[in-house]
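Asks: sequence and computational prediction follow.
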Amino acid sequence: MTSPTSPPARLVSAASNVAAKVLRGGVADLRPVPRVLIDQGPNRSVYRLTGTGGGRAPSGPPVLLVPPLAAPALCFDLRRGCSLAEHLVEGGRRTYLVDYGNVAFSDRRLGIEHWIEEVLPRAIRKVSADSGGQGVHVVAWCLGGIFSLLTTADQPKLPVESITTIASPFDFTAIPLVAPFRPLVEFTGGHLLTPFYRALGGAPSYLVSKVFRATGFNKEITKPLAILRNLDDRDFLAQIEAVDHFMDNMIAYPGRTFGQLYHRFFRANDLAEGSVDLGGRVISLSGVKVPTLVIAGENDTIAPRRAVERLVGLLDNAPQVRFEVAPGGHLGVLTGRRARGTTWRYVDSFLDAQLTSS
């Protein structure tokens, strides 16, 4: 019998993958997990994920997936076989997803308050009601984690049972990528980017995509060679296709929200001290009183471990704070090929522990 790693077998696999890319447009299965729309409003579509029928029937408390701004909600459903949403649904969990949709120039006046006072609270309440009034377990990525924590701190009566943050930075001085720009920002009195985002109404989607790609510049440069070396590895090729699809669907930041992120998070580094000032209204993370899981990526340049781990020391009133590190960069720690055996297991273990303690 020919070994799957033997040269002839690898050649056959490579030929099959090339044919799939040429004739069918690719090897990745980008079909989204089946879903049903249960609620809709400004910048908010809430879905109940129904799965493919191959896993266990959903039961137990609901899990709400919360994406960041600018990134499409498909971050949780990157491709079949490498989708956190699919994993949760097939594992028998009641799984929901909030999608912000596209951000238009007309949304330029929306600030952080819109997301933490309107969008997320309404989504959380709807998910709770749809699941029979149960408490909601929030799983959020990047800025979605920051907004979820601020929402819970600001509105403690929301039916939130726990929060999981993945790659959510809370100390922006610990991000090497932005360190070189700080002197220039301070020299200009913080107005380095202000004229641009005001004129454009925010950060356009094409610019967000280019910046995100630039954070993995080395991988972008070496990608053609990596593809050639792995032409026989369908899973590797599918992941690259899925990430490219994700990058091509980036969304814009609203102008006012971008300005707040720039001035409050980046310049003032408010979050590192555990609170944020939104127009004279201060929200403190000490208001978070639910168990929290914090996950950082080993190779994350956008939200390095130190920037993420800072959160652990800020949740003074959370009954439990668990910190984990998993392999991968900013997107990889959430939905990379190794996330299946690391990040997702941490999430499962944490969610199961909440069921046991309730």
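Replies: Received it, and whenever you're ready, just let me know what you need. Keep in mind that what you see is a predicted model, and the values were worked out from it rather than measured.
Asks: need the strands for the chain, in chain order.
Replies: Along the chain, the stretches classed as strands by DSSP state E are 35-41, 44-49, 59-66, 93-99, 136-141, 160-166, 202-203, 253-254, 275-278, 281-284, 292-297, 321-326.
Asks: would TSV of those with distance to Val308, mean pLDDT and mean neighbour count be doable?
Replies: All C-beta atoms are positioned from the backbone trio N, CA, C, and that covers glycine. TSV is the format used below for these (distance: least, C-beta to C-beta, whole Å; pLDDT from 0 to 100; neighbours: other C-beta atoms under 10 Å):
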stretch	distance to Val308	mean pLDDT	mean neighbour count
strand 35-41	29	96	14
strand 44-49	26	97	21
strand 59-66	16	95	22
strand 93-99	22	97	25
strand 136-141	12	98	27
strand 160-166	8	98	26
strand 202-203	22	56	26
strand 253-254	21	81	28
strand 275-278	17	89	17
strand 281-284	19	92	14
strand 292-297	4	98	26
strand 321-326	8	98	18
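Asks: nearest to Phe246, of those?
Replies: Of all the strands of the chain, it is strand 136-141 that lies closest to Phe246, at 11.8 Å by C-beta to C-beta.
Asks: would you list the strands of the chain in TSV and tack on distance to Asp348?
Replies: Converted to TSV, the strands of the chain look like this (distance: least, C-beta to C-beta, whole Å):
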stretch	distance to Asp348
strand 35-41	21
strand 44-49	16
strand 59-66	10
strand 93-99	9
strand 136-141	11
strand 160-166	10
strand 202-203	34
strand 253-254	32
strand 275-278	31
strand 281-284	30
strand 292-297	11
strand 321-326	12
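Asks: around Gly255, how many other residues sit close by?
Replies: 22 (other C-beta atoms under 10 Å).
Asks: give me the pLDDT value at it.
Replies: On pLDDT, Gly255 comes in at 77.
Asks: relative to Val36, how far out is the spatially closest residue to Phe350 that is not a sequence neighbour?
Replies: With sequence-adjacent residues excluded and distances taken as C-beta to C-beta, 6 or more residues apart in numbering, Phe350 is closest to Leu293, at 4.3 Å. In this view, Leu293 and Val36 are 27 Å apart by C-beta to C-beta, to the nearest Å.
Asks: swap in Thr343?
Replies: 26 Å.
Asks: likewise for Gly81?
Replies: Taking C-beta to C-beta, one finds Gly81 at 22 Å from Val36.
Asks: among the strands of the chain, which is nearest Ile112?
Replies: Ile112 lies closest, by C-beta to C-beta, to one member of these: strand 275-278, at 5.9 Å.
Asks: and for the spatially closest residue to Ala57 that is not a sequence neighbour, the neighbour number?
Replies: In space, and not counting its chain neighbours, Ala57 is closest to Gly92: 6.6 Å by C-beta to C-beta, 6+ apart. Per other C-beta under 10 Å, the neighbour tally for Gly92 reads 14.
Asks: ok, Gly92 - contacts?
Replies: Gly55, Arg56, Ala57, Pro58, Ser59, Gly60 (C-beta atoms under 8 Å, 6 or more residues apart in numbering).
Asks: report pLDDT for Leu192.
Replies: The predicted local confidence for Leu192 is 50.
Asks: same check, this time on Pro58
Replies: pLDDT at Pro58 comes out at 83.
Asks: what's the closest non-adjacent residue to it?
Replies: Arg94 (4.5 Å).
Asks: list the contacts for the one you found?
Replies: Applying C-beta under 8 Å, 6+ apart to Arg94 gives the contacts Arg48, Pro58, Ser59, Gly60, Pro61, Pro62, Val63, Ser131.
Asks: now with 10 Å, please.
Replies: Counting by C-beta atoms under 10 Å, 6 or more residues apart in numbering, Arg94 touches 48-49, 57-64, 88, 127, 130-132, 134, 136-137.
Asks: distance of the residue lying closest to Leu149 once chain neighbours are set aside relative to Pro62?
Replies: For Leu149, ignoring the flanking residues on the chain, the nearest one in space by C-beta to C-beta, 6+ apart is Val288 at 5.6 Å. Using C-beta to C-beta, one gets 19 Å for the distance from Val288 to Pro62.
Asks: ditto for Asn317
Replies: Asn317 sits 24 Å away from Pro62, taking C-beta to C-beta as the criterion.
Asks: what are the buried residues along stretch 245-261?
Replies: Across stretch 245-261, burial judged by 16 or more other C-beta atoms under 10 Å covers 245-247, 250-261.
Asks: alpha carbons of stretch 58-65, as CSV, please.
Replies: Below are the C-alpha coordinates for stretch 58-65, written out as CSV (Å, rounded to 0.1, in the frame of the first residue of the first chain):
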residue,chain,number,x,y,z
PRO,A,58,-28.8,21.7,21.1
SER,A,59,-29.5,22.0,24.7
GLY,A,60,-28.4,23.9,27.8
PRO,A,61,-27.7,27.6,28.2
PRO,A,62,-27.1,29.7,25.1
VAL,A,63,-23.7,30.8,23.8
LEU,A,64,-23.5,34.2,22.0
LEU,A,65,-20.6,34.8,19.6
